[in-house]
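> with the sequence up front, the predicted model follows.
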Amino acid sequence: MIQLETDHLTYLYPGSESPALHEVSIKINRGEFVAVTGANNSGKSTLCYAFAGVIPHLYNGHMKGRVLIDGQDNKDRTVSEIARHLGLVLQIPGSQMSGVRYTVFEEVAFGLENRGVPREQMLERVQTVLALFGLEEQATRSPFHLSGGQQQRLALATVLAVDPAIIVLDEPTTFLDPQGAKLVFEILRKLQQQGKTIIIAEQRLDLIATYADRVLAFDRAKLVLDGIPREVLTSAMLPDLKLKHTRYTQVAQVLQQKGLWPDKLTLPASLAETVDGLSLRRKTHDYLC
Amino acid sequence: MIICAEDLTFAYNDSLMALQNISFEISAGECVALTGHNGSGKSTLVKHLNGLLKPTKGRILVANKDTATSRTAELASQVALLFQNPDDQICKQTVWDEVCFGPQNLGYDKKKTTTLVQEALALFELTSFEKKNPHDFGYSERKRIAMASIVAMDTPILVFDEPTAGLDSYEMSLLINTLKKLQSENKTVLVISHDMDFVAENILRAISLSAGKKVFDGKLRDLFEQTDLMTESGLLHPQTMQLSKACGLYSSPLSTDECVAAIAEQLGQPSLPNA
Amino acid sequence: MAPNKTTATLFIDKDSWLQRLHPLTKLSYILLTGVAAYGGPSSLLYICLLLFCNAVITASGGLLKDTAKALLRVILPLLLFMIPIHSFLFPGNRTVLLEFHGMIVYQEGLLFAISTLTKLTVVLIASFLFVFSTHPADLITALSHTCRSPSLAYLLGSPLLLLASMRERIETIQAAQRARGLDVDGNMFRRFLSLAPLLLPLVLGAIVEVEQRSIALEVRGFKSTSIKTSLRKLSDSALQRFCRWLMLAIAAVVLLLHGLG
């Protein structure tokens, strides 16, 4: 069932001559885990903004085409109405903080207050979300005094507290250490299992390969590749998009040239796919011997 | 020893111990990765190299000068430091002026400044942008401008704080080429990075911090072989090592070439019957 | 890791009836005190009465010591400055009170200085009472409940928190420029010159931050016009609401009388 859709979406930022998105049509189903990748300035962030209605509601640029959530055009709803269905996590966690709440606990409650959630329910919800993100011990600290990783988890917690069906994240792992980045993806996987739709702009292809169901690759405002990670991330076009194959793909490529990769098996993008391919090769090879 | 830290301890406003009893030595021409989890004290440590922070206890010597008693403006001719966020640094209206800022502050003459700036711009493929405003560009271009303006200072020591964050793979290759060039000029380079694939392929030595303490100093390969230390430092193994481990190999390949060789060797070995 | 500064707040965490009072009640009280001190009768006795009332209220809330300390810091320099000046030079000086080596202390000037300072003291006590007994978060909550426009409430409330993060940013920018050899020590002229490279990153950074934050606030439903709830419970009562209106009404009447008189 289609939940989120862009229909021939083109967008120009005010004062810009070249479009940030050009004729982009995507259909996303409920419960999908979609990664959006591409070089810097290829249109990833703009797409995230378009999903959340930030474009065109908060920028005066020029927009053509439509963005639909559950069949409803984003143009007909305000940004806060859209936010009930779709939560947006920004790249820099610090600027996501409200600036008017003194503690982590209050910061998480902020979005619930704005939606008129009754206090008792609010307390319960905040506690649940803080526990999910391992932030209970930080509850009484100032949101501005957390480490980068904690702040990014807090940003995610504030969005999740209001329980949107779709979660859109704009490169949330840029400033995180490797384990912190992996943790974000682990949390997202859990959310997907609970039925949420996840859309994440991301440049770490090894993480995408492991966690996403589908990858959209952008190049200079256009959607150029759309498919399962194994297909998109091993595409020969990747270097043209200024993206680098994962080391897994690179290793398998060389092995393939040496005749050490199973015939007819496509190249892998993730660790698991590589290990599977190698054990298949071992089995067939042993059999032949 | 061009950098020498002795029992370096630092606390922000008395309470929070940011660095505890850190000692290490770095000789001229070395390239060292500084790793650790978010908030482990990496950025705090490098701010001691040019006297932006003064140790609470212990001392740090840079080119035999105690940084506690030297002024930052003087130390800047020894140590150039790239800040994480390029927007904390960019303060001029054109890319050219921005990259000139450091060399001019250091009092280089016009000819030397021009040569250095041209070289630095070329390294990061910014030459065609030189008359444009840095703020007309996206984040990663601004990051390149910030890196160029550090390299243009032509200091014997360069410190990069998270240079790879936000760069795409092409921009990454520009950075790698720059590091190689700096190495060939016998500059001492310190790189703070979370990108283990990048570090594994380009740097040999690592110093790792965890919660303000030094937990490792040695060959990068040895760090990767201590899994509990990796976990403590918030790190993950580079992909090549994750693959070799998952394949049950005992080697620790740091590059794709090493990894391919190890796997090929394993596959080439005829397996024993009944195995 | 960034220096772990605590946010600048003067709030004193005590449990007294003053602390529990609704922030707007206390704000109305400051207004009434101000109007009463400056718009009421100018007799010194009346002002001293106001001073006494305020002191009693402060003491009953257990804030007498802190208020006195803060007050001394503000009033003492003024006292040392104003009393001699007015005693010697007040334009309405007629009655000689003291003569000392050719220096004449006049009664009118002295009285004027004392009454001005006492009025100021009265208003200051009420203000200190407010900042010491009100948590800024409560003030923000109260404002956003009262203000029809969330943006206005935000404008009034956010500087309390964002100024601290702004200060941290200034320090970082300064450090980044010093790392590139910018000399910020030395003489005044040099220091002045060194300000320029700080300004551009600061201003541009602030613009970007405002843009990002306004997006974040928008997607978090801040400008939603539907009914909002609040995590912080502000105790309010019919009595307090009545008192607020009463105080405002009295203040209006005093002002009106003052205007007519």
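That came in fine, so what should we check first? Residues are numbered from 1 along each chain as shown, chains lettered A, B, ... in the order given.
> any idea which element the residue in chain C that chain B sits nearest to lies in?
Closest contact between chain C and chain B, by CB to the nearest CB, is at residue C:181 (3.3 Å). Placement of C-beta: from N, CA and C, glycine included. Under the criterion DSSP states H and E, no helix or strand holds residue C:181.
> next, give phi and psi for residue B:185.
Dihedral angles of residue B:185 (phi, psi; degrees, to the nearest 10) stand at phi -90, psi 10.
> check residue B:6 too.
With angles defined as degrees, to the nearest 10, residue B:6 sits at phi -120, psi 110.
> give me the number of residues near residue C:10?
13 (other CB atoms under 10 Å in any protein chain shown).
> so it: helix, strand or coil?
Of the three states, residue C:10 takes coil under DSSP: H, G, I helix; E, B strand; the rest coil.
> excluding its backbone neighbours, what's nearest it?
Spatial nearest neighbour of residue C:10, excluding adjacent residues (CB to CB, 6 or more residues apart in numbering or on different chains): residue C:131 at 4.7 Å.
> where does that neighbour land on pLDDT?
With respect to pLDDT, residue C:131 scores 87.
> and if you look at the one 10 residues further on?
The score at residue C:141 is 82. That number is its pLDDT.
> list the contacts of the nearest residue to it once chain neighbours are set aside.
Sequence neighbours aside, residue C:232 is the residue nearest to residue C:141 in space, at 4.8 Å (criterion: CB to CB, 6+ apart). Counting by CB atoms under 8 Å, 6 or more residues apart in numbering or on different chains, residue C:232 touches A:106, C:137, C:138, C:141.
> quick revisit: can you tell me the SS state at the residue nearest to residue C:10?
Looking at residue C:131 with three-state DSSP, the answer is helix.
> state the distance from residue C:205 to residue B:97.
19 Å (CB to CB, to the nearest Å).
> average pLDDT across stretch A:267-286?
According to the model, stretch A:267-286 has a mean pLDDT of 91.
> show me where the chain has strands.
Went with chain A since none was named. With DSSP state E as the criterion, chain A has strands at A:2-12, A:21-29, A:33-38, A:62-69, A:72-73, A:86-89, A:166-170, A:197-201, A:214-219, A:222-227.
> wait, I meant chain B there
B:3-12, B:16-26, B:31-36, B:57-62, B:65-66, B:79-82, B:157-161, B:188-192, B:205-210, B:213-219.
> identify the residues contacting the shortest one?
Applying CB under 8 Å, 6+ apart, the external contacts of strand B:65-66 come out as B:59, B:60, B:75, B:78.
> mind redoing it with 7 Å?
With CB atoms under 7 Å, 6 or more residues apart in numbering or on different chains as the test, strand B:65-66 has contacts from residue B:59.
> before we move on, back to that, is it true that the residue nearest to residue C:141 lies in a strand?
No - judged by three-state DSSP, residue C:232 forms no part of a strand; its state is coil.
> which residues does the residue of the stretch 151-289 of chain A found nearest chain C contact?
At 6.8 Å from chain C, residue A:158 is the closest residue in the stretch 151-289 of chain A, using CB to the nearest CB. Going by CB under 7 Å, 6+ apart, residue A:158 touches A:107, A:108, A:110, A:111, C:220.
> narrow those residues to those in helices?
Residues of the contacts of residue A:158 located in helices (DSSP state H): A:107, A:108, A:110, A:111.
> before we move on, back to that, per-residue pLDDT, the residue of the stretch 151-289 of chain A closest to chain C?
For residue A:158, pLDDT reads 94.
> I'd like the distance between it and residue B:133.
34 Å.
> the longest helix along chain A close to chain B?
Determined from DSSP H, the single longest helix within chain A is helix A:271-288. Yes - contact of helix A:271-288 with chain B (CB under 7 Å from any CB of the partner chain) involves A:271, A:274, A:275, A:278, A:281, A:282, A:286.
> just send those back as TSV, with neighbour count and distance to residue C:165 too.
Shown next, in TSV, are the residues of helix A:271-288 next to chain B (neighbours: other CB atoms under 10 Å in any protein chain shown; distance: CB to CB, whole Å):
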residue	neighbour count	distance to residue C:165
A:271	20	40
A:274	27	44
A:275	18	46
A:278	23	50
A:281	19	55
A:282	15	56
A:286	13	62
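> most widely separated two among those?
A:271 and A:286 (22.6 Å; CB to CB).
> returning to what we had before: could you say which of the strands of chain B is packed most deeply?
When the strands of chain B are scored by mean count of other CB atoms under 10 Å in any protein chain shown, the highest mean neighbour count falls to strand B:79-82 (a mean of 26).
> that one packs against which elements?
helix B:139-151, strand B:157-161 (3 or more CB pairs under 7 Å, 6 or more residues apart in numbering or on different chains; DSSP states H and E).
> now do the first one: which elements does it pack against?
Counting contacts by 3+ CB pairs under 7 Å, 6+ apart, helix B:139-151 packs against strand B:79-82, helix B:95-105, helix B:110-123, helix B:169-184.
> can you list the ones you listed in JSON lines and add mean pLDDT and distance to residue C:13?
Output for the helices and strands packed on helix B:139-151, formatted as JSON lines (pLDDT from 0 to 100; distance: least, CB to CB, whole Å):
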{"stretch": "strand B:79-82", "mean pLDDT": "96", "distance to residue C:13": "40"}
{"stretch": "helix B:95-105", "mean pLDDT": "95", "distance to residue C:13": "47"}
{"stretch": "helix B:110-123", "mean pLDDT": "96", "distance to residue C:13": "53"}
{"stretch": "helix B:169-184", "mean pLDDT": "94", "distance to residue C:13": "50"}
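> between the ones you listed, which gets nearest to residue A:169?
Taking the helices and strands packed on helix B:139-151 one by one with CB to CB, helix B:169-184 is closest: 20.9 Å.
> got the angle for that closest one vs helix B:139-151?
10 degrees (axes from the mean of the first three to the mean of the last three CA atoms, to 10 degrees).
> okay, buried residues for helix B:169-184 please.
B:169, B:170, B:171, B:172, B:174, B:175, B:178, B:179, B:182, B:183 (16 or more other CB atoms under 10 Å in any protein chain shown).
> let's have the residues you listed in TSV, adding distance to chain C.
Shown next, in TSV, are those (distance: CB to the nearest CB, whole Å):
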residue	distance to chain C
B:169	26
B:170	25
B:171	21
B:172	23
B:174	21
B:175	19
B:178	17
B:179	19
B:182	17
B:183	22
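> now, which of those sits nearest chain A?
The nearest one, if we look at the buried residues of helix B:169-184 relative to chain A and count by CB to the nearest CB, is residue B:169, at 3.5 Å.
> centre of the chain to stretch C:244-261, how far?
22 Å (CA atoms, centre = their mean, to the nearest Å).
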